[in-house]
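Student: Sequence and predicted structure are below.
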Amino acid sequence: MEPEPATAPAGAPPHGDELAPELLDEIWATHEDLSPLSCRFLEYVHEQPAAMRAVDHRVAASLPDWARRYPYPLQPWPTFVDARKVRQIERATVGLTELVKSIPERLFGGDAGRISEFYGLQDELLTTLLLSPPNAIATSLARCDFVDDGSDWKCLELNFGANIGGWQERFFEQVCRSQPSTAAFLAREGARPRHRDPWRAVLSLVAREARRIGCATAGRLNVAVVVNPDQAHFVGVVAAMNELFQEVLRESGAHRAGEVVICTYPDGLAARGGTLFHRDLPIGAVLESTEVLTPRDVFRCFKAGKVALFNGPVSGMLGDKRNLALLSRHEESDLFTAAERSVIRSHVPWSRAVADERTTYRGEAVRLLDFAAARRESLVLKPVGGAQGREVHLGRCTAPETWRRLLAAAAGTGEMLLQEYVASRPYLYQRGDQGCTPHQVIWGTFSFGAAYGGGFLRMLPLDRGPGVINSARGATEGLIFEV
């Protein structure tokens with residue numbers, strides 16, 4: 001008699017009969033690891049065909065106009081994670097971000113010359129000024145992009161600055177929660193999940209830091225959010241941000257009043273008498289959601305302790321993708337504690353800047369270019385300063401001749417990074433007009449200061465094959481609900 005195929009537990013995911021038994025079991029294990037509620041949701045959508053219908057959250061009348069024009073589609077099914085999983089996400093996000101923030105001092109000894117040379121900064125004196133306190137490193141805003149490969153959370157890259165994407169999902173929370181099928185499920189379960197609002201986390205950090213350095217004017221804290229000139233939709237965000245800011249101010253008790261304003265560099269802010277102003281409004285904190293460099297007036301007020309700056313010029317250094325390669329190369333170094341080395345081994349995939357040199361791979365000495373050519377299918381080549389998945393080459397999807405040519409062109413330029421390919425474990429999400437399919441997922445998780453600030457998901461159907469999982473390249477975005 002032939003052995004019976006392996007099956008998922010009772011209440012298997014919908015359309016389970018259309019999936020290979022091994023994949024079905026993997027999907028179930030993935031959702032079990034998220035939370036028991038996540039598995040019960042899969043059982044629920046199996047019972048309720050209406051839950052498998054496509055939903056465009058952007059058409060909701062309750063959304064502000066700019067949110068209805070949000071360019072990326074949202075996944076109708078929320079992702080439910082329990083407290084155990086949240087702790088795992090938090091440890092990985094904050095632990096790794098704090099290590100990256102320590103690199104200038106830890107690995108370069110704070111030497112401005114070495115730091116300037118490595119990061120391509122032209123002026124050593126400016127680097128010294130950049131790193132001298134205050135430098136905004138400790139309070140910086142960051143987003144990690146993690147893949148859960150079934151063994152641990154692996155960080156593909158870290159992005160620093162207030163212009164990191166993902167916070168937009170906060171506007172879709174109530175729309176997602178009140179969707180009829182989801183609302184019925186939550187009511188049946190008696191569940192009251194929480195979506196962690198990254199804006200609240202950021203504004204709370206701003207209020208604490210402003211109080212610490214005493215940069216409010218007459219007890220009033222005004223915050224300037226600096227955007228690119230083409231980000232006109234931010235004007236529609238001001239009212240929502242101000243409403244939340246008033247709540248944060250009341251809860252903190254540190255400031256009597258304040259408001260949030262939107263402006264652009266270089267003319268949106270100017271210093272008069274040592275105080276930074278937006279028109280006639282004194283500014284105590286600046287959030288830079290722009291690629292435009294910090295103007296001299298803003299930087300001088302920050303260095304004088306008159307303004308709290310998030311993140312300022314350090315974003316470029318901290319967000320350099322080679323920082324992961326530095327951690328990977330030094331994962332056994334005594335420069336890190338045993339606990340820190342464990343964080344690196346757990347959460348940093350093997351990574352190296354492309355160079356014609358000898359290095360190590362899992363303890364074995366190798367010639368990097370030869371190793372990269374031989375192990376093409378297990379590696380990814382990506383630009384140090386890239387964004388939205390541009391110029392990312394997956395070895396398994398690149399012809400051997402092309403791969404060798406790319407390696408040779410990149411060697412020694414400091415512009416390209418080699419990283420071990422990390423495959424996402426499979427998740428089940430809604431797809432198409434009516435249905436669902438296995439997906440691969442990237443978790444974008446926030447670290448603000450030294451605190452976890454929530455996150456969001458980007459997911460792509462497995463049948464799209466290995467590739468860049470990015471919203472600008474067709475991935476859907478999803479909300480995380482903590483239960």
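Tutor: Received it, and whenever you're ready, just let me know what you need. Numbering: from 1, shown residues only.
Student: which residues touch H31?
Tutor: Neighbouring residues of H31 by CB atoms under 8 Å, 6 or more residues apart in numbering: P13, S38, C39, L42, Y427, L428. Using the backbone N, CA and C atoms, a C-beta is placed for each residue, glycine as well.
Student: so what strands line up beside the longest strand anywhere in the chain?
Tutor: Longest strand of the chain, by residue count under DSSP state E: strand 436-448. Each strand paired with strand 436-448, and its direction, by DSSP bridges: strand 141-148 (antiparallel), strand 427-430 (antiparallel), strand 451-461 (antiparallel).
Student: which residues make contact with the helix or strand that the first one is followed by from outside it?
Tutor: Yep, that's strand 141-148 we're talking about. Using DSSP states H and E, the helix or strand that follows strand 141-148 in sequence is strand 153-160. For strand 153-160, contacts defined as CB under 8 Å, 6+ apart pick out 88-89, 92, 96-97, 100, 140-148, 311, 314-315, 318-319, 321, 323-324, 346-349, 382, 419, 422, 442-443.
Student: how distant is the next helix or strand after strand 153-160 from the center of its chain?
Tutor: Using DSSP H and E, the helix or strand that follows strand 153-160 in sequence is helix 173-178. Relative to the centre of its chain, helix 173-178 is centred 22 Å away, using CA atoms, centre = their mean, to the nearest Å.
Student: list the buried ones in the helix or strand that helix 173-178 is followed by?
Tutor: Next along the chain after helix 173-178, taking DSSP H and E as the criterion, comes helix 180-189. With burial defined by 16 or more other CB atoms under 10 Å, the residues of helix 180-189 counted as buried are S181, T182, F185, L186.
Student: and the second one, what pLDDT?
Tutor: pLDDT for T182: 96.
Student: measure it to D82 for me?
Tutor: Applying CB to CB, to the nearest Å, the value for T182 to D82 is 18 Å.
Student: just the last one next, same as before
Tutor: L186 sits 15 Å away from D82, taking CB to CB as the criterion.
Student: what residues are up against H347?
Tutor: Counting by CB under 8 Å, 6+ apart, H347 makes contact with A92, G95, L96, F146, D152, W153, K154, C155.
Student: Look up which residues are beta-bridged to the residue nearest to the spatial centre of the chain.
Tutor: Taking CA atoms, centre = their mean, the centroid of the chain lies closest to R143, which sits 3.0 Å from it. Listed by DSSP bridges, the beta-bridge partners for R143 are N159, F446.
Student: That one is in contact with N163, isn't it?
Tutor: No - using CB atoms under 8 Å, R143 is not in contact with N163, being 10.2 Å away.
Student: now this structure, which segments are flagged as low pLDDT?
Tutor: 1-17, 232-233, 254-255, 386-389 (pLDDT under 70).
Student: Please go through this protein and pick out the longest helix.
Tutor: Determined from DSSP state H, the single longest helix within the chain is helix 83-101.
Student: Against which helices or strands is that one packed?
Tutor: Here helix 83-101 touches strand 141-148, strand 153-160, helix 322-329, helix 338-347, strand 436-448, strand 451-461, going by 3 or more CB pairs under 8 Å, 6 or more residues apart in numbering; DSSP states H and E.
Student: after that helix comes which helix or strand?
Tutor: Helix 83-101 is succeeded, C-terminally, by helix 103-106 (DSSP H and E).
Student: Could you list the residues in contact with the helix or strand following that following helix?
Tutor: From helix 103-106 onward toward the C-terminus, using DSSP H and E, the following helix or strand is helix 112-119. Helix 112-119 is contacted from outside by 104, 108, 121-125, 127-128, 131, 316-317, 320, 322, using CB under 8 Å, 6+ apart.
Student: Among the residues you listed, name the buried ones.
Tutor: Among the contacts of helix 112-119, those classed as buried by 16+ other CB under 10 Å are P104, F108, L121, T127, L131, G316, M317, D320, R322.
Student: The fourth one contacts G120, correct?
Tutor: No - using CB under 8 Å, T127 makes no contact with G120, being 10.7 Å away.
Student: Quick check: chain neighbours aside, which residue is closest to R68?
Tutor: Once flanking residues are discounted, R68 sits nearest to R58: 5.1 Å by CB to CB, 6 or more residues apart in numbering.
Student: How about the contacts made by the one you found?
Tutor: Applying CB under 8 Å, 6+ apart to R58 gives the contacts A67, R68, R69, Y70, P73, L74.
Student: can you rerun that using 10 Å?
Tutor: By CB atoms under 10 Å, 6 or more residues apart in numbering, the residues touching R58 are A67, R68, R69, Y70, P71, Y72, P73, L74, F171, F172, V175.
Student: Assign the fourth one to helix, strand or coil.
Tutor: If I follow you right, that is Y70. Following DSSP: H, G, I helix; E, B strand; the rest coil, Y70 is assigned to coil.
Student: Look up how far W167 lies from it.
Tutor: In terms of CB to CB, Y70 sits 12 Å off from W167.
Student: So the two - more neighbours on which side?
Tutor: Shown here are Y70 and W167; by other CB atoms under 10 Å, W167 has more neighbours (22 against 19).
Student: surely the more buried one meets F446?
Tutor: Yes - the pair W167 / F446 is scored as a contact, 8.0 Å apart, by CB atoms under 10 Å.
Student: Overlap in contacts, the two.
Tutor: In contact with both W167 and F446: R143, P198, A201, V202, G453, G454, F456, using CB under 10 Å, 6+ apart.
Student: between those residues, which is nearest L19?
Tutor: The shortest gap between L19 and any of those belongs to F456, at 26.1 Å (CB to CB).
Student: what sits in contact with each of T127 and G120?
Tutor: Joint contacts of T127 and G120 (CB under 10 Å, 6+ apart) are M317.
Student: in the strand or helix carrying L479, what counts as buried?
Tutor: Using DSSP H and E, L479 falls within strand 476-482. Within strand 476-482, the residues that count as buried by 16+ other CB under 10 Å are T476, E477, G478, L479, I480, F481, E482.
Student: what packs against that strand?
Tutor: In terms of contacts (3 or more CB pairs under 10 Å, 6 or more residues apart in numbering; DSSP states H and E), strand 476-482 is packed against helix 36-47, strand 79-81, helix 83-101, helix 173-178, strand 427-430, strand 436-448, strand 451-461.
Student: now do 7 Å
Tutor: Here strand 476-482 touches strand 79-81, strand 451-461, going by 3 or more CB pairs under 7 Å, 6 or more residues apart in numbering; DSSP states H and E.
Student: Just put those in TSV and tack on mean neighbour count and distance to D33.
Tutor: Putting the helices and strands packed on strand 476-482 into TSV (neighbours: other CB atoms under 10 Å; distance: least, CB to CB, whole Å) gives the following:
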stretch	mean neighbour count	distance to D33
strand 79-81	24	9
strand 451-461	23	15
